[in-house]
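> Sequence and computational prediction follow.
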Amino acid sequence: MDFSTAIESKMQDVNDGSSEPFIIYRDKNGGWHCDYTHNQFGMEFDWVEKAKEQDPFAIIYTGKDFSKASFPSVYDTILYDRISIEYYVGRGAGRDSDKLNALKNFFCDNVSSFSHKATDYLTTLECPFSALSEMCPYNLATGVEDWSYNMDLAPDVVESIENAVSDRLLSLAEKPSPEKNSHEGYVELNKISINNSDIILAENPDAEFRYMIVENRYTTYFNALGDNNIYTGYTNDYIEALTEFISKAYSNIECVQSTRNVNESLHGVSYTELNANNCLPDSQNNDYTGKLIVVKANELKPEYRSAEHQLVLCSHGNGARPNAIGQSVFGKELFSGDSVCYGRHQIAGIADHSKLPSWAKTRIDEHNTEQAKSAIKPSLQEKLSKAKEKAAQEAAKNTERVNKSKKRKDMEVT
């Protein structure tokens, strides 16, 4: 998603003055994410540190931090905060000057003066403050202690940066969009995503080996946070590269198909995609806690858009409750038992038992039976009977101890 959409997703928290922390960060492909950082027990998710490592300008906020501010105000505040962090990171690396400090202070006071075109452009950049310093032709430093930047130049600086942004955008529009680089300057020619892996065929005519084949397997909850490279191959022969690329892709396809075959032969699970028609009517507005819910198929990767991955036993989460501040819905897949987490918007509703595949009906009946067994508790009468029995036993023991004590005394007297 883009910067505006990421912020819009948390405006309800801002309006409600929520104290639930969330982090806003860019992934390695330039996409923006705005996600809650803690689970329902108040513990921070493991992936948060990885997000911070990937995006050193990532920031954690709560809705309460913005005092019910408007969308433009939240937008400008977060953009300025990221630019400030970039400035201080640069200063820590020795890249500091009065000119840069004055530019930072200028942007803080004048961010609202820029057009949406300019600020939206800055949010697409990995290092927006560096771009500002390149586009600003003026030295705003004053040398006066209490005068952080030359305010007289502010209108000219705004105009200069606006013009520079327009020139940059025009230049980008005139050039064909380049394909995304894969690794080490190689440009992607083909990419297949299957079995939680990306298989990439890339080319770099200037490299020692023209073609590169890469297989990355996702290793984090949020795929955007990184991947685990499990294979990289190089060659100058395109046919050889294409053969290896297809071989890696086919190997992953076989893995998915093999798993499907095993699930079908051993557990009677056949490929069945569920949708809103498999849910109870109007159940999207219900409390999901303790219910079997259906994950929307389009929220899953194509190879996992089937019932064994869509059916989840919801256990908890703020998002399980309608109109709650949080969005996270936690549970376990009915088929695999694996723990999963989705946003409430990714749930189609509560599953209609009568419209489930036969294997799912069997599983849910087994689950309900186990729940019923564990829920069986002794009746009040049974508890009272056991309490009386225990009290009688204790009384008998006490009487026996008293009698023994008396006997010893009688023997001593004799």
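That came in fine, so what should we check first?
> Tell me which helix or strand the spatially closest residue to Tyr211 that is not a sequence neighbour sits in.
Nearest non-adjacent residue to Tyr211, counting by CB to CB, 6 or more residues apart in numbering: Ala241, 3.7 Å away. The way it works is simple: take the backbone N, C-alpha and C, and place the C-beta from them, glycine included. Using DSSP states H and E, Ala241 falls within helix 238-267.
> What residues of that helix count as buried?
241-242, 244-245, 248-249, 252, 260, 263 (16 or more other CB atoms under 10 Å).
> which one of those sits closest to Pro128?
Phe245 (36.1 Å; CB to CB).
> doesn't Ala202 make contact with the closest one?
No - Phe245 lies out of contact with Ala202 (CB atoms under 8 Å); the separation is 9.6 Å.
> Now do the shared contacts for the two.
Ile213 (CB atoms under 8 Å, 6 or more residues apart in numbering).
> pLDDT score for the residue nearest to Tyr211?
At Ala241, the pLDDT value in this model is 95.
> Lowest-scoring secondary structure element of this protein by mean pLDDT?
Taking mean pLDDT, DSSP states H and E as the measure, the helix or strand of the chain with the lowest value is helix 380-413, at a mean of 61.
> Might one say that His367 is in contact with Leu313?
Yes - the pair formed by His367 and Leu313 meets the contact definition of CB under 8 Å, at 6.9 Å.
> Overlap in contacts, the two.
Residues touching both His367 and Leu313 (CB under 8 Å, 6+ apart) are Leu334.
> and the helix holding Ala241, how far out from the chain's middle?
Centroid displacement of helix 238-267 relative to its chain, using CA atoms, centre = their mean, to the nearest Å, is 28 Å.
> Tell me the helix or strand right after the helix or strand hosting Tyr75.
Under the criterion of DSSP H and E, Tyr75 resides in helix 71-92. Later in the chain than helix 71-92, the nearest helix or strand by DSSP H and E is helix 98-110.
> Buried residues in the next helix or strand after that following helix, which are they?
Using DSSP H and E, the helix or strand that follows helix 98-110 in sequence is helix 116-123. Going by neighbour count (16+ other CB under 10 Å), the buried part of helix 116-123 is 118-123.
> again, but for stretch 187-199
Under the neighbour-count criterion of 16+ other CB under 10 Å, stretch 187-199 has 188-189, 191-199 buried.
> How about stretch 291-307?
So, applying 16+ other CB under 10 Å, buried residues of stretch 291-307: 291-297, 300, 303, 305-307.
> neighbouring contacts of that stretch?
Counting contacts by CB under 8 Å, 6+ apart, the residues outside stretch 291-307 that touch it are 193-196, 256, 269, 271-276, 278-279, 309-314, 329, 331, 334-335, 342, 346-351, 353, 356-357, 360, 364.
> now the strands for the protein?
22-26, 32-36, 59-61, 187-194, 197-203, 211-218, 227-235, 292-295, 311-316, 328-333, 339-343, 347-350 (DSSP state E).
> packing partners for the last one?
Going back to what we said before, that points to strand 347-350. Applying 3 or more CB pairs under 8 Å, 6 or more residues apart in numbering; DSSP states H and E, one finds that strand 347-350 makes contact with strand 292-295.
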